[in-house]
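A.B. asks: Structure, please.
(chains A and B)
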Amino acid sequence: MKFAVVVFPGSNCDRDMYHAVTDALGEEAELVWYQHANLADYDAILLPGGFSYGDYLRSGAIASTSDIVLQLKEQASKGKPVLGVCNGFQILLESGLLPGAMLRNKNLKFMCHHEDLRVVNSHSMFTTAYADDEIISIPIAHGEGNYYCDAETLEKLEKNNQIIFKYENNPNGSVQDIAGIINKEGNVLGMMPHPERAAETLLGSADGLKLFQSIVENWRKAYVTGA
Amino acid sequence: MKKVLIYITLKEGVLDPQGKTVQHSLNTLGYETVREVRVGKYMELLMEDDASIESQVEEMCEKLLANPVIENYTYTIEEVVTL
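C.D. replies: Numbers count the residues shown, from 1 in each chain, chains lettered A, B, ... in the order given. Sure thing, here's the model as predicted:
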C-alpha cells in the first residue's frame, strides 16, 4: 500500500509520519510537496502536523486555500482513506472536509505530553484493530486543539458514530472530550493526538500503530484479491 | 482607492479563553468593573475602486478571513483621500 505524506510550508511531523509508515508499519510512503503532488497516484493520503504557513490567520486556514485541497476533496469523494493529524486535522476542518473548528486550548498553553484516549468507535476503517472502549496512550502537541462545533453538528456526529476518539481527561476544552472525528462517509479521519509518534515501544507507546494497521487491513480487504 | 476595515469577532456562545485571561488580568490590575473581554481581529485592506467591492469583501470574509463556524465579521469601507 502506498501512502502520500503531503508536505506544506511549515509542516514538521512529515518525517515522523513517513518513518511510522515505512519503518514501523512496513508499507510504502512518499513525501510529496503540496504544489507538485498528484494524489491520484496513492492509496491513502496523510496530512501531517506542524504549523503550515506559520498558523497565520487561523491554524490550517491558508493551507486549506491551496489547490491540493481540490485534489484532496476529489480523492476523498472516491472513498480513499485520508488521515489528518494535528495541523492536518485543522486543515481538514478549515477546508470543510470535516465539520467544526478549532479554538485555542482552554488554558492558553501549548501542551506536549501523552494523553489517554478512548476508542469510541472501533468499526471505522481507521480503528478496526482496536476494541471498542480500548484505552490507548497517544501524545498530543498543540496550542489550538480545542474542538468546537454547534449543538446541531454535535448531534449529527453522535448519531452517525463519527466520534472516533475521546480524551479520558480532556486537556484542551474540546466539546464532549472529542479528540478525533470522521466524515459521514467514514474515510476521512481528523485527530489532534499524534499516532505516528506512538508507533514504536521505543518511543514510549506503540498504541498508534494499530491505526495504521487498520488502514492497511481494510484496504487489503477492499482492493486486494485473495487477501 | 478604498480602505476596508474588517472586524472579526468570536460568535456569541463560543468560549474565548484569551478574552477570559485578559479580563482576569484587568481585574488583577484593579479594574474590577470589567465583567467580560472578547478578543477579536482587525484587518485593513486597501482595494481598488470597484462596483462589486462589497460583495467581494463579503466573499473574502466567508472564504478565508473569518471562519463562519466560530466567527462573525463586520466591515466598513472608507474613501482613501490622497493629498
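
A.B. asks: Could I get the average pLDDT for stretch A:161-180?
C.D. replies: Taken as a whole, stretch A:161-180 carries a mean pLDDT of 98.

A.B. asks: Over in chain A, which residue gets nearest chain B? Let me know.
C.D. replies: residue A:101 (4.0 Å; C-beta to the nearest C-beta). In short, each C-beta sits where N, CA and C put it, glycine included.

A.B. asks: what's the single longest helix in the chain?
C.D. replies: All of this refers to chain A. Using DSSP state H to define each element, chain A has its longest helix at helix A:209-223.

A.B. asks: not what I meant, chain B
C.D. replies: Chain B, longest helix under DSSP H: helix B:17-28.

A.B. asks: Quick check: phi and psi at the residue of chain A closest to chain B.
C.D. replies: phi -160, psi 160 (degrees, to the nearest 10).

A.B. asks: residues contacting residue 29?
C.D. replies: Because you didn't say which chain, this covers chain A. A:2-5, A:17-18, A:21-22, A:46 (C-beta atoms under 8 Å, 6 or more residues apart in numbering or on different chains).

A.B. asks: Chain B was what I was after
C.D. replies: The contact partners of residue B:29, taken as C-beta under 8 Å, 6+ apart, number zero.

A.B. asks: ok, it to residue B:18 distance?
C.D. replies: 17 Å (C-beta to C-beta, to the nearest Å).

A.B. asks: likewise residue A:59?
C.D. replies: Taking C-beta to C-beta, one finds residue A:59 at 14 Å from residue B:18.

A.B. asks: Which one's more surrounded, those two?
C.D. replies: The neighbour comparison of residue A:59 against residue B:18 (other C-beta atoms under 10 Å in any protein chain shown) goes to residue A:59, with 28 against 16.

A.B. asks: For burial, what's the neighbour tally of the spatially closest residue to residue A:86 that is not a sequence neighbour?
C.D. replies: Nearest in space to residue A:86, with sequence neighbours left out and distances taken as C-beta to C-beta, 6 or more residues apart in numbering or on different chains, is residue A:49 at 3.1 Å. Neighbourhood size, residue A:49 [other C-beta under 10 Å]: 25.
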